[in-house]
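Visitor: task: produce atomic coordinates for the following.
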Amino acid sequence: MIDAAALKTSAALSWRDRRLFRRGAEHQILSGALHYFRVHPQLWRDRIRRLADLGLNTVDTYVPWNFHQPSPGTDPDFTGWRDLERFLTIIGEEGLDAIVRPGPYICAEWSNGGLPSWLTGRDVALRSSDPGFTGPVGHWFDELIPRLAALQAVHGGPIVAVQVENEFGSYGDDHTYLRWNRDALLARGLTELLFTADGPTELMLDGGTLPGTLAAATLGSQPEAARELLAGRRDGEPFIVAEFWNGWFDHWGERHHVRGVDSAVGTLRGIVSDGGSVSIYMAHGGTNFGLWAGANETDGVLQPTITSYDSDAPIAEDGTLTAKFWAMREVLGARGALRVPEKLPTLPPQTVRLAPAADLLTAVRHAAAQTSPSAFLSAHPASFSSVRPASFERMGLDAGFALHTATPRIPPGDHLLTLSDVRDIALVFTDGTLLGTVGPGTGTLPLRGTGAPVRLEIVVESLGRVNYGPGVGAHKGLLGPVLIDRRTIQSWENAPVTLSSTVAGAPFPGIGPGFWTGTFEVDDPADTFLALPGSGRGLLWINDFLLGRYWKIGPQETLYCPAPLLHPGSNTVTVMELEHPGGHLELRDHPALGPTEEYIEEFD
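Guide: Below is the predicted model of the structure:
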């Protein structure tokens, strides 16, 4: 036993001679990432208990600013699904510690890296000491950090550590900002351990570490090299891996990433050897419900993230305990049967699921008042005129869809309609008929004129805001000019599409895009997986809750529907199809996440 007074700090966690201590006793952080914003609140305790049964003593979570404060000028919301304090309290009630990563930038494959689009739409230098950035962050921290401070271990709460920013060395080198971030946490009452986390390269550690603040690593392999690098740079600090990537996320149009059990377990064993600490990212991935999935951008090509955030984690998207779970459990030292909580039966390795069913979607589309996508938007109070199509940011729109309408006169004959810089996909209608689809990027469509004005309607869909790299904060919408041959169309009406009104409104015209509904009966609500064979791309609601996006390009084929979203009796499914309807809805008793590909770690 080491005298706590001899350690570097009075916080619950401290270190000396490359060893970590908790309240004076030598300690290893055995943590798993679990995001409250990706798990239904009624399942928080269940998933936390599964982490404990994995052999973990700590849960870590990011805090997405845009999830709590999606609109400027309004107080952040910490109720219901956003009740961070309740989530952290449950962690403490289950006997676990908590690590919180407040950002304000979090990456996490979450839309805009957690930054609100109302902020990134301004002319400010993001993640920097620019007062235009630190000012709003300071106001956000005024609301957030005191809530965390009250739940620190020093006050009897579960929080033992808080991260300073997030992998900042992968982004920039403004150490004035990094120090500001650390000092902002201290000034608002945080006294527990603070740490930075960066990839184990000289470049990243140079940009993202601070003297006097513990430096942790993020990695998927080669822990020995990372341990050696950090030991040479950070005298006396323990080896902590703040993110161990035991799986990976997926993009639409690519394969489902997996990581073999032997590979993942071998790296985990290397991390925790000789007293090393770890946070498994993800221990339980959860789901990108609604439109919160982010995107990456590589060489100018957008890579939108799928709805599932299963991440090939040891605890699957629906809570299933996988082979990776049992193998990691052995490495982490867990022994014997799963614990039996006082108020719940033994946790089952497999969650309860509804029986499979098919042909639940009616093939009848909602009746349209007019053959025009503006039928349900003509009186939208937020519509306005502009010379060029307005961006999502100008319309105050974070995600979803925008409608742009113009009535250009087109001379007789064949012409080309060019849409420049579409972020991300545009459906183009002329006089109520679907002309075609453009994007992402710039594209052209053939257009035949008669000499009369044409009602041109362009519905632009965002596929997710970039969450990593210099593309974070990029605007969405129809960002470039729209041309007929070489002539620019310069008179537009712009309207944001609010999805709540869209579900109740009329469909898009033609035989393709539109709304479809279906119902199914449930005796006892249980998990299920929804599939739309034959459909193209769109959104799916269950009982007016937006599960997320589906897309025929895969890899994801099913959408996970947790039991708390269902109720006994009739349950309603609403589908917004943007390409072509398959006309079928299926309930399946297992996920289908597509053809697999082994995850390989790469550092840029």
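Visitor: where does Asp60 fall, secondary structure wise?
Guide: Per DSSP states H and E: Asp60 is located in strand 58-62.
Visitor: convert the C-alpha atoms of that strand to PDB, please.
Guide: Coordinates of the C-alpha atoms in strand 58-62 are reproduced here as PDB (Å, rounded to 0.1, in the frame of the first residue of the first chain):
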ATOM      1  CA  THR A  58     -15.100   1.400 -15.500                       C
ATOM      2  CA  VAL A  59     -17.400   2.800 -18.200                       C
ATOM      3  CA  ASP A  60     -16.400   5.700 -20.400                       C
ATOM      4  CA  THR A  61     -18.600   7.900 -22.600                       C
ATOM      5  CA  TYR A  62     -18.400  10.900 -24.800                       C
END
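Visitor: so for it, mean pLDDT?
Guide: Per-residue pLDDT over strand 58-62 has a mean of 98.
Visitor: can you list contacts of it?
Guide: With contact meaning C-beta atoms under 8 Å, 6 or more residues apart in numbering, strand 58-62 is reached by 29-36, 48, 51, 87, 91, 96-103, 106, 108, 110, 114, 160, 166, 242, 279, 283. (C-beta placed from N, C-alpha, C; glycine too.)
Visitor: can I assume Leu56 is in contact with Leu96?
Guide: Yes - the pair Leu56 and Leu96 qualifies as a contact (C-beta atoms under 8 Å) at a distance of 7.1 Å.
Visitor: higher neighbour count, these two?
Guide: Leu56 (27 against 21; other C-beta atoms under 10 Å).
Visitor: assign a three-state SS to the more buried one, would you?
Guide: What DSSP: H, G, I helix; E, B strand; the rest coil gives for Leu56 is coil.
Visitor: tell me how far it lies from Gly432.
Guide: Distance from Leu56 to Gly432, counting by C-beta to C-beta, to the nearest Å: 57 Å.
Visitor: ok, now Asp524?
Guide: Using C-beta to C-beta, we find Asp524 at a distance of 45 Å from Gly432.
Visitor: okay, the two: which has more neighbours?
Guide: Using other C-beta under 10 Å as the criterion, Asp524 and Gly432 rank with Gly432 on top: 17 against 9.
Visitor: surely Ser570 is in a strand?
Guide: Yes - judged by three-state DSSP, Ser570 forms part of a strand.
Visitor: ok, it touching Thr519?
Guide: Yes - counting by C-beta under 8 Å, Ser570 sits close enough to Thr519 to count as a contact (5.1 Å).
Visitor: with neighbour numbers in mind, choose between those two.
Guide: Taking neighbours as other C-beta under 10 Å, Ser570 and Thr519 compare with Thr519 leading, 13 against 10.
Visitor: just checking, the more buried one touches Thr574?
Guide: No - under the criterion of C-beta under 8 Å, Thr519 is not in contact with Thr574, lying 10.3 Å apart.
Visitor: for the residue nearest the centre of the chain, give the beta-bridge partners.
Guide: By C-alpha atoms, centre = their mean, the mean C-alpha position of the chain lies nearest to Trp110, the distance being 2.7 Å. Under DSSP bridges, the beta-bridge partners of Trp110 are Ala293.
Visitor: doesn't Gly270 lie inside a helix?
Guide: Yes - counting by three-state DSSP, Gly270 is part of a helix.
Visitor: please name the nearest non-neighbouring residue to it.
Guide: Pro223 (4.3 Å; C-beta to C-beta, 6 or more residues apart in numbering).
Visitor: now the element after the longest helix belonging to the chain, going C-ward?
Guide: Scanning the chain for the longest helix, with DSSP state H as the assignment, gives helix 131-149. Sequence-wise, the next helix or strand downstream of helix 131-149 (DSSP H and E) is strand 159-163.
Visitor: contacting residues around the helix or strand following that following strand?
Guide: Helices and strands here follow DSSP H and E; after strand 159-163, the next one along the chain is helix 175-187. Applying C-beta under 8 Å, 6+ apart, the contact partners of helix 175-187 are 102, 127-129, 133-134, 137-138, 141, 145, 162, 164-165, 168, 194, 196, 208, 210, 213.
Visitor: would you mark the buried spots in helix 175-187?
Guide: His175, Tyr177, Leu178, Arg179, Trp180, Asn181, Arg182, Ala184, Leu185 (16 or more other C-beta atoms under 10 Å).
Visitor: nearest to Arg335 among those?
Guide: Nearest to Arg335 among those: Leu185, at 37.5 Å, using C-beta to C-beta.
Visitor: helices along the chain, start to end?
Guide: 44-53, 65-68, 84-93, 117-120, 131-149, 175-187, 202-208, 223-233, 261-272, 323-331, 499-504.
Visitor: could you dump those into CSV with mean pLDDT and distance to Gly290 added?
Guide: Output for those, formatted as CSV (pLDDT from 0 to 100; distance: least, C-beta to C-beta, whole Å):
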stretch, mean pLDDT, distance to Gly290
helix 44-53, 96, 18
helix 65-68, 98, 10
helix 84-93, 98, 18
helix 117-120, 98, 14
helix 131-149, 98, 21
helix 175-187, 98, 28
helix 202-208, 98, 31
helix 223-233, 97, 36
helix 261-272, 98, 30
helix 323-331, 97, 28
helix 499-504, 50, 9
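Visitor: now those in CSV, with distance to Ala25?
Guide: Shown next, in CSV, are the helices of the chain (distance: least, C-beta to C-beta, whole Å):
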stretch, distance to Ala25
helix 44-53, 19
helix 65-68, 35
helix 84-93, 19
helix 117-120, 43
helix 131-149, 24
helix 175-187, 26
helix 202-208, 29
helix 223-233, 22
helix 261-272, 17
helix 323-331, 22
helix 499-504, 51
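Visitor: can you tell me which of these is most buried?
Guide: Counting by mean count of other C-beta atoms under 10 Å, helix 65-68 has the highest mean neighbour count of the helices of the chain, with a mean of 24.
Visitor: mind giving me the packing neighbours of the longest helix of the chain?
Guide: Judged by 3 or more C-beta pairs under 8 Å, 6 or more residues apart in numbering; DSSP states H and E, the packing partners of helix 131-149 are helix 84-93, helix 175-187.
Visitor: ok and that helix relative to helix 84-93, angle-wise?
Guide: Counting by axes from the mean of the first three to the mean of the last three C-alpha atoms, to 10 degrees, helix 131-149 lies at 40 degrees to helix 84-93.
Visitor: now do helix 131-149: distance to the chain's middle.
Guide: 21 Å (C-alpha atoms, centre = their mean, to the nearest Å).
Visitor: now stretch 179-187
Guide: Here the centre of stretch 179-187 is set off from its chain's centre by 26 Å, with C-alpha atoms, centre = their mean.
Visitor: any idea how far Glu317 is from Leu566?
Guide: Applying C-beta to C-beta, the value for Leu566 to Glu317 is 16 Å.
Visitor: tell me the buried residues in the longest strand anywhere in the chain?
Guide: Longest strand in the chain by number of residues (criterion: DSSP state E): strand 413-423. Using 16+ other C-beta under 10 Å as the test for burial, strand 413-423 gives His415, Leu417, Thr418, Leu419, Ser420, Val422, Arg423.
Visitor: what's the closest of the residues you listed to Gly469?
Guide: For these, the nearest to Gly469 is Arg423 (15.7 Å; C-beta to C-beta).
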